[in-house]
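Student: Next one to model:
(2 chains)
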There are 2 protein chains.
Amino acid sequence: MLNFEFQNPVHVLFGKGEIAKLSHLLKNKKKVMITFGGGSIKKNGVYQQVVNALEGISFVEFGGIEPNPRYETLMEAVALAKKEGVDFLLAVGGGSVIDGTKFIAQAICYEGSDPFDVYRKRLPITKAIELGSVLTLSATGSEMNMFTVVTKGKDKLGYGHPLLYPKFSIIDPTVMFSLPKKQVANGIVDAFVHVTEQYLTYPVNTPLQDRIAEGILLTLLEEGPKVMSNLEDYDARANMVWCCTMALNGIIGVGVVHDWATHGIGHELTALQGIDHGRTLAVVLPSLLRVQKDKKKEKLLQFANRVFGINESDENKAIELGIKAMEEFFHSLEVPTTLGDYGLDRSFIEEVKENLRSRQFGALGEHQDIDLEKVGLILEGAL
Amino acid sequence: MLNFEFQNPVHVLFGKGEIAKLSHLLKNKKKVMITFGGGSIKKNGVYQQVVNALEGISFVEFGGIEPNPRYETLMEAVALAKKEGVDFLLAVGGGSVIDGTKFIAQAICYEGSDPFDVYRKRLPITKAIELGSVLTLSATGSEMNMFTVVTKGKDKLGYGHPLLYPKFSIIDPTVMFSLPKKQVANGIVDAFVHVTEQYLTYPVNTPLQDRIAEGILLTLLEEGPKVMSNLEDYDARANMVWCCTMALNGIIGVGVVHDWATHGIGHELTALQGIDHGRTLAVVLPSLLRVQKDKKKEKLLQFANRVFGINESDENKAIELGIKAMEEFFHSLEVPTTLGDYGLDRSFIEEVKENLRSRQFGALGEHQDIDLEKVGLILEGAL
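Tutor: Sure, this is the predicted structure:
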């Protein structure tokens, strides 16, 4: 096991009816800004639940944060928050709204000219205003971590800082019942790949972290289809939703090496083509695992055996069967796994490489060995 | 899944050499009190590592906190801390030292006449001074939770409050290399039973929590014997030690019902006979599972199958085989599983019942159905 530090201070409130506790959680705030996305929360009753719970607490609202939240939109929210003297941000939404709200939290306090420099130059921040979340779409794990991904122009970039942990996150599975199936499926894939980015890496001797990672994958395999066939199955949804949070709250990532190349490449597909985040991962991961299979061999064999029950003595065959079983799982959720499915061809690969080149791209992966050429190979494999 | 709230703010620093970070962690403290046990830390170099790291920080020390820390000893520490104007407690030891230090932390601020009333009457505390820990014996999980158990007279009682979370805990597996085998074995059993108290309960539909619990048990089964056969195997020790922390930091306990009757009864064996905590659990648990096997049936079958690989169609046989396999695991660690092994007979059972009666004992267990009579049955089964 590698040395590590771990601290995750997020207060999670999980289950039906927990939104009502907002009144208690926010009782000492002067002015709250509610941030949200396209407005579905006003149709499905979540907005009303939040507003009811805020009775007596002063608030303003900022809607319209888009999927893959954009700098320009978020800067409007920053201006409003400054004008209104907001002292707490309440993100009511999925990963994009929470990620965007983390950007707002630091941008309000940022003293330079462009708060996106924090993401671009990985500047250490020293201040951020507090935020909390009411999760309406489980996928990214943003509700229980310090990470945020924001897009400016063609750059979709991530950032993380302990000041960006939500003070609390309310996860009520019932508020997700009305989500479209496609978004549910994307969330399952996103969580699945969050696990593989930490688990399918150069092997470190960490059997407990392995078993927890496998536990999340197995639970997604078992509960995911139940949710897809009955969107209002509370237990299945609660279990799936908790997997999404646990996949990226740090617990499975302690003492191990991390990959994150699938995310790095996937972000390009979103930035350049607008493909949903979870869906980009389903395109990149299978090909990446094939390209990296010698280095990841030990873990890929364990993955095939423990997650998909594959008993095959030929190691190459076993690994391929494991990757194929994963692809089939993604297909069963109606999530495609090739660039061709999005009408993209070789010319797109050149576009990705050009975009990376323009950002002085170095390398990705747990060995930092996925250079521009290898990104090309991975995308070729995903055609 | 049941509704739950989860928040664990402890900053864990894990791995070889992490003690040196104390200087940074404590840099703003006015006066630290180092608390420790029988003095082994002065022989094995841990004390010196701590003192080196504290260079420039003012500190006093209080040694002599015994296993199953006693009220009278801890009140001496409280008096010293008050006299010295201590603003931070640094527990350097195992579960007993950390538990005792949590008592000291609240007792310094307690305004009534007897700080043990907090434990006896479960009073909500409103103040405690900050504490941190350098763990020297993995077992109780106290380094990453808010719980504490202290003994006064014949009462060994537990208490928990968020103000009692350590601010940080340093877990360096190498400082545990010099522990006697018996203490290592006790720690493995303690962690094992912490898991079963949360996992082998009336079934709630929580497949992820189940798999994480099973992951800890499987890792203890695999890594425990490696540690016992080579006390200086870093990886095995690190994995075992992390299992102990994860067994009782709240992660596997969310959304499920909890038992804790094995601990409740075990504490009597320690209070009345001085049997090591971990060893009391190995005596009580097998018999408790047999007495409760109808109510715990579903989980006991899963436990037998997933943890011990038992495939047996007769349910009663499968459950018994699982419990027997667990007993054999305890025996392999040279931990006995009957009262007879400690020279105790029926008269002792009466003594336990008398002691419980004197405390107006109600009931234990996830169904609150383990009354005085059932405690007797469980101890009979453990003769």
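
Student: in the stretch 201-350 of chain A, which spans are helices?
Tutor: With DSSP state H, counting those that start in this stretch applied, the stretch 201-350 of chain A shows helices at A:207-229, A:234-247, A:261-273, A:277-291, A:297-308, A:315-332, A:346-358, listed in chain order.

Student: and of the ones you listed, who's closest to chain B?
Tutor: Taking C-beta to the nearest C-beta as the criterion, chain B comes closest to helix A:207-229 out of the helices of the stretch 201-350 of chain A, the separation being 3.0 Å. In short, each C-beta sits where N, CA and C put it, glycine included.

Student: what's the residue lying closest to A:G64 once chain neighbours are set aside in contact with, if anything?
Tutor: Excluding its sequence neighbours, the residue lying closest to A:G64 (C-beta to C-beta, 6 or more residues apart in numbering or on different chains) is A:T73, at 6.3 Å. A:T73 makes contacts with A:64-66, A:100, as judged by C-beta atoms under 8 Å, 6 or more residues apart in numbering or on different chains.

Student: I'd like the distance between the closest residue to A:G215 other than its chain neighbours and A:R306.
Tutor: Distances taken as C-beta to C-beta, 6+ apart put B:R211 closest to A:G215, at 3.0 Å, once the chain neighbours are dropped. Taking C-beta to C-beta, to the nearest Å as the criterion, B:R211 is separated from A:R306 by 11 Å.

Student: and if you look at A:H331?
Tutor: Between A:H331 and A:R306 the distance, using C-beta to C-beta, works out to 21 Å.

Student: what's the answer for A:N230, then?
Tutor: Here the criterion is C-beta to C-beta. By it, A:N230 lies 27 Å from A:R306.

Student: Which one's more surrounded, these two?
Tutor: Taking other C-beta atoms under 10 Å in any protein chain shown, A:N230 and A:R306 do not tie; A:R306 has more neighbours (17 against 12).

Student: okay if I get the helices of the stretch 201-350 of chain A as JSON lines plus mean pLDDT?
Tutor: Formatted as JSON lines, the entries for those read as follows, by pLDDT from 0 to 100:
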{"stretch": "helix A:207-229", "mean pLDDT": "98"}
{"stretch": "helix A:234-247", "mean pLDDT": "98"}
{"stretch": "helix A:261-273", "mean pLDDT": "93"}
{"stretch": "helix A:277-291", "mean pLDDT": "97"}
{"stretch": "helix A:297-308", "mean pLDDT": "98"}
{"stretch": "helix A:315-332", "mean pLDDT": "98"}
{"stretch": "helix A:346-358", "mean pLDDT": "93"}
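
Student: List, one by one, the residues from the stretch 151-300 of chain A near chain B.
Tutor: Near chain B, the residues belonging to the stretch 151-300 of chain A are A:205-208, A:211-212, A:214-216, A:218-219, A:222-223, A:235, A:238-239, A:242-243, A:246, A:251, A:254-255 when assessed by C-beta under 8 Å from any C-beta of the partner chain.

Student: By mean pLDDT, point me to the weakest helix or strand of chain A.
Tutor: Least confident element among the helices and strands of chain A, by mean pLDDT, DSSP states H and E: strand A:155-160 (a mean of 90).

Student: Dump that one to PDB, restricted to CA.
Tutor: Output of strand A:155-160 as PDB, limited to C-alpha atoms (Å, rounded to 0.1, in the frame of the first residue of the first chain):
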ATOM      1  CA  ASP A 155     -11.100  23.400 -22.700                       C
ATOM      2  CA  LYS A 156     -13.000  21.100 -20.300                       C
ATOM      3  CA  LEU A 157     -10.700  21.000 -17.300                       C
ATOM      4  CA  GLY A 158     -10.900  19.600 -13.800                       C
ATOM      5  CA  TYR A 159      -9.800  21.000 -10.500                       C
ATOM      6  CA  GLY A 160      -9.900  19.900  -6.800                       C
END
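
Student: what about the residue nearest to A:G64, which helix or strand?
Tutor: Secondary structure assignment for A:T73, by DSSP states H and E: helix A:71-84.

Student: Look through chain A and report the residue furthest from the middle.
Tutor: A:S313 (35.1 Å; C-alpha atoms, centre = their mean).

Student: Outline the domain layout of chain A.
Tutor: A:11-175, A:180-381 (automatic domain parsing).

Student: Which among those domains is found nearest to B:D87?
Tutor: Of all these, the one in closest proximity to B:D87, counting by C-beta to C-beta, is domain A:11-175 (23.4 Å).

Student: follow-up on the earlier one: mind checking which of the domains of chain A is nearest B:K29?
Tutor: Comparison of those against B:K29 by C-beta to C-beta identifies domain A:11-175 as nearest, at 20.5 Å.

Student: Just the endpoints, please. Distance across the closest one?
Tutor: As for domain A:11-175, its first-to-last residue distance stands at 19 Å under the measure C-alpha to C-alpha, to the nearest Å.

Student: ditto for stretch A:164-171
Tutor: Stretch A:164-171 has an end-to-end distance of 18 Å (C-alpha to C-alpha).

Student: how far out from the middle of the chain is it?
Tutor: Between the mean C-alpha location of stretch A:164-171 and the chain-wide mean there is a distance of 15 Å, by C-alpha atoms, centre = their mean, to the nearest Å.

Student: What of stretch A:211-230?
Tutor: Averaged over its C-alpha atoms, stretch A:211-230 has a centre that lies 17 Å from its chain's centre (C-alpha atoms, centre = their mean).

Student: That'll do, ta.
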